[in-house]
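Colleague: could you look at this predicted model? Sequence included:
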Amino acid sequence: MKISMITEGTYPHQFGGVSVWCDQIVRGMPAYDFELVALMATGSEPVVWQLPGNVRSIVKVPLWGTPPTAPQPGRGHGRLPSRLIRQLIESLLETSAEAETRFAEVLRNLFDYAQHGNLSAGLASGRAVKLLVDAWQDRWQGIHQATPTVHDAVTAMQLLDHSLRPLAHRPVQADVVHVATNGLGVLPALMAKWRHETPMIISEHGIYLREQYLHSPRLPYRFPVKVLYLAFLRQLCALGYREANTITPCNVYNRRWEERLGAEPSRIRTVYNGVDPANFPMLDGEPDEPAISWAGRIDPIKDLETLLRAFALVHGEMPEARLRLFGSPPKGRESYLERCRALAAELGVTDAVIWEGHRDKVREAYAAGRVVALSSLSEGFPYSLIEAMTCGRTCVATDVGGVTEAVGDTGIVVPPSSPARLAEAFLTLLQDDEHRHRLADAARQRALEFFTIDGAISKFDEIYSFLASGHPLPVAPPEPEGGEEAGGLLPEAQPAGPQQNGTPADPGQNGTPAAAQLNGKPAGVPPQPAKLLECEITG
């Protein structure tokens, strides 16, 4: 059986949690042949993973650089019809329920055109820019934000051009297409479904659209461009959910986003990430010094600034404490590392913070601390937590994504962007050896019971077999409501850590920066489609 796995900016060209998950699936299913379809920046990025033998090919889909040549050039109808450009723009600017249907129809028509015509030239043309300028002028009255300019229109159409370049590639042929995350990676899957009726799976780690909302304040575009592009991503993600035969989030929390955006609940199957216990045996002892360790990608979404501020509070009470940070920034994003180093100096903890860099054996990172930290603003089901738990380390983590589902009652979960709460949790564990050791033993037991790679592989084996045979999966049983309101998400799991007003802390309300809020709501809750044009995006 052939599986086409579609990634965006991850496997096999980058390291990180999603890439680890992809490699586990591919390596753990040697009876399946895999084709990797990798959406990437330029197409020149090197493969950084040693791929197993059942990876038969890699298809590169660059989003920048020279536009792709249509698979069947010369069989076209001339330039891209203005009608299609106008329909695309209107489906993104309108807020009616019918806009989703129109977006799906125009995307299918753009795909048909891109197979023989020059879609990139049409979307980036002066004609397309003028159509957007005219549409904005008709709709922008009464919205008290920056008035769109011609430059905004040029920028917006260029973003749409680059984002839609996958439509100009040849549709993949496989028994099943498996998208590693929603978003632009859905495009090749939709193409395969439209052309070959190939069943498609969408997996979810962090919610793609939510992370785009969180990232939007840092985008170097004016408000009108951000609104249009976020509308495009929302429409695309919603279409992916509606078209997917099966959706496999890595935690129950993601369900409310998926269902809000149109996913059929009966098609959702939660498949938790897992680790190989043989790679993470129980650690023997603890470091002599009261150290906190962190492992991951040095990136703003990981919010190391909050971790550093929390550690400064810990260091004030425990001068012998150390913070050991394992990881490196993605290429081209080194400025965040420098910003964090400067903050450590400003806080007066430079000598107590050790920047360890990347380690091939991440278990060394967990061994380096008495407590393992996670301070992220957004996560799916973090490998660093379940790996550390499997090693027998107690974790302190922020209440985002599936963190509460992972930790259960074996660690402490606090609101994101809350240095004081994070510091309090660290001190609670560092100052009470017996309590810390008891939680560490419970963490390992929990990880071994629920979060092994064999369990995840078994579930995907079943899903692939059903879909490839043309048979629908059995109707999924109801799952508990995910997120901060959930209680027992797994057997014996209770909300972990501090609560407020009798309910687990809400990451959006308690910690999400105001700049990441849309329509007056925290970024942890998707805004209503009808309000997207009125969202407040700053930065």
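Modeller: Okay, I see it.
Colleague: hmm, who's touching stretch 66-82?
Modeller: Residues from elsewhere that reach stretch 66-82 (Cβ atoms under 8 Å, 6 or more residues apart in numbering): 62, 113-123, 125, 127-128, 131, 161, 165, 168-170. (Each C-beta comes from the backbone N, C-alpha and C, glycine too.)
Colleague: quick one, strands of the stretch 401-539 of the chain?
Modeller: Counting by DSSP state E, counting those that start in this stretch, the stretch 401-539 of the chain has strands at residues 412-414, 499-500, 503-504.
Colleague: partner strands of the longest one, parallel or antiparallel?
Modeller: Okay, so that is strand 412-414. Counting by DSSP bridges, the strands paired with strand 412-414 are strand 394-398 (parallel).
Colleague: do a quick rundown of the helices in the stretch 1-150 of the chain.
Modeller: Using DSSP state H, counting those that start in this stretch, the helices of the stretch 1-150 of the chain run over 17-28, 82-93, 98-114, 119-123, 126-139, 150-163.
Colleague: contact partners of stretch 451-466?
Modeller: Looking at what lies outside stretch 451-466 - Cβ under 8 Å, 6+ apart - the contacts are 1, 3, 24-25, 28-29, 32, 175-176, 178, 201, 246, 248, 269, 271-277, 386, 389-390, 406, 472-473.
Colleague: where's Ser375 relative to Ser469, distance?
Modeller: 44 Å (Cβ to Cβ, to the nearest Å).
Colleague: more neighbours, those two?
Modeller: Ser375 (26 against 11; other Cβ atoms under 10 Å).
Colleague: next one: phi and psi at His471?
Modeller: phi -100, psi 140 (degrees, to the nearest 10).
Colleague: what about it, how many neighbours?
Modeller: So His471, with other Cβ under 10 Å, has 9 neighbours.
Colleague: so that it lines up with my notes, have the first residue be 44 from now on.
Modeller: Happy to do that; since the first residue is 44 now, the last one works out to His514.
Colleague: could I get the pLDDT score of it?
Modeller: Confidence at His514, expressed as pLDDT, is 84.
Colleague: mind checking how far it is from Val176?
Modeller: 50 Å.
Colleague: likewise for Gly444?
Modeller: From Gly444 to Val176 the distance is 39 Å (Cβ to Cβ).
Colleague: tell me which of these two has more neighbours.
Modeller: Using other Cβ under 10 Å as the criterion, Gly444 and Val176 rank with Gly444 on top: 30 against 18.
Colleague: so what touches the helix or strand Thr291 falls within?
Modeller: For Thr291, the host element (DSSP states H and E) is strand 289-292. With Cβ under 8 Å, 6+ apart as the test, strand 289-292 has contacts from 242, 244-247, 284, 298, 301, 306, 310-314, 423, 502-503, 506, 510, 516.
Colleague: domain map for the chain?
Modeller: 45-114+211-310, 125-202, 321-493 (automatic domain parsing).
Colleague: any chance of these in JSON lines, plus mean pLDDT?
Modeller: Formatted as JSON lines, the domains of the chain follow (pLDDT from 0 to 100):
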{"stretch": "domain 45-114+211-310", "mean pLDDT": "94"}
{"stretch": "domain 125-202", "mean pLDDT": "92"}
{"stretch": "domain 321-493", "mean pLDDT": "96"}
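Colleague: could you check the angle the helix ranked longest in the chain makes with helix 125-136?
Modeller: Scanning the chain for the longest helix, with DSSP state H as the assignment, gives helix 266-286. Going by axes from the mean of the first three to the mean of the last three Cα atoms, to 10 degrees, helix 266-286 is angled at 90 degrees with respect to helix 125-136.
Colleague: return the set of buried residues in helix 266-286.
Modeller: Within helix 266-286, the residues that qualify as buried are 266-284, 286, counting by 16 or more other Cβ atoms under 10 Å.
Colleague: circling back to that earlier point, which strands and helices sit next to the helix or strand that the strand holding Thr291 is followed by?
Modeller: Downstream of strand 289-292, the next assigned helix or strand under DSSP H and E is helix 298-303. In terms of contacts (3 or more Cβ pairs under 8 Å, 6 or more residues apart in numbering; DSSP states H and E), helix 298-303 is packed against strand 289-292.
Colleague: what about the residue nearest to Leu166 when sequence neighbours are not counted, neighbour count?
Modeller: Of all residues not flanking Leu166 in the chain, Asp204 sits nearest, at 4.0 Å (Cβ to Cβ, 6 or more residues apart in numbering). By the criterion of other Cβ under 10 Å, Asp204 has 19 neighbours.
Colleague: wait, Asp204 touches Ala167, no?
Modeller: Yes - counting by Cβ atoms under 8 Å, Asp204 does reach Ala167; the two are 4.6 Å apart.
Colleague: from Tyr379, how far off is the nearest residue to Asp484 once chain neighbours are set aside?
Modeller: Sequence neighbours aside, Gly435 is the residue nearest to Asp484 in space, at 6.7 Å (criterion: Cβ to Cβ, 6+ apart). As judged by Cβ to Cβ, Gly435 and Tyr379 stand 31 Å apart.
Colleague: more neighbours, these two?
Modeller: Gly435 (22 against 18).
Colleague: surely that one is in contact with Gln488?
Modeller: No - with contacts counted by Cβ under 8 Å, Gly435 stays clear of Gln488, the gap being 9.3 Å.
Colleague: show me the helices in the stretch 294-443 of the chain, by range?
Modeller: Under DSSP H, counting those that start in this stretch, the stretch 294-443 of the chain gives helices at 298-303, 347-360, 377-390, 406-410, 426-434.
Colleague: out of those helices, deepest packed?
Modeller: helix 426-434 (a mean of 27; mean count of other Cβ atoms under 10 Å).
Colleague: residue contacts, the residue minimising distance to the centre of the chain?
Modeller: Geometric centre of the chain, nearest residue: Gly249, 3.4 Å, by Cα atoms, centre = their mean. Neighbouring residues of Gly249 by Cβ under 8 Å, 6+ apart: Thr224, Ile344, Ser421, Glu422, Gly423, Gly444.
Colleague: distance of Gly359 from Leu470?
Modeller: Separation of Gly359 from Leu470 (Cβ to Cβ) stands at 10 Å.
Colleague: now Arg413
Modeller: For Arg413 relative to Leu470 (Cβ to Cβ), the value is 12 Å.
Colleague: doesn't His221 lie inside a strand?
Modeller: Yes - read with DSSP: H, G, I helix; E, B strand; the rest coil, His221 is one of the residues of a strand.
Colleague: what is the neighbour count of it?
Modeller: That count, for His221 with other Cβ under 10 Å as the rule, works out to 27.
Colleague: looking at Arg413 and Leu470, which is more packed in?
Modeller: Arg413 (23 against 17).
Colleague: check contacts around that one.
Modeller: Glu329, Pro330, Pro333, Ala334, Ile335, Arg436, Thr437, Leu472, Leu473, Arg479.
Colleague: and if we set it to 10 Å?
Modeller: Going by Cβ atoms under 10 Å, 6 or more residues apart in numbering, Arg413 touches 329-336, 364-365, 436-437, 469, 472-473, 476, 479-480, 483.
Colleague: what does Phe323 give?
Modeller: Per Cβ under 10 Å, 6+ apart, neighbours of Phe323: 405-406, 409, 429-436, 487, 490-491.
Colleague: of all these, which two lie farthest apart?
Modeller: Spanning the widest gap among the contacts of Phe323 are Val405 and Leu491, at 17.9 Å by Cβ to Cβ.
Colleague: ok, these two, which is more surrounded?
Modeller: Between Val405 and Leu491, counting by other Cβ under 10 Å, Val405 is the more crowded of the two (21 against 15).
Colleague: give me the neighbour count for the closest residue to that one other than its chain neighbours.
Modeller: Nearest non-adjacent residue to Val405, counting by Cβ to Cβ, 6+ apart: Ala338, 5.5 Å away. Applying other Cβ under 10 Å, we find 26 residues neighbouring Ala338.
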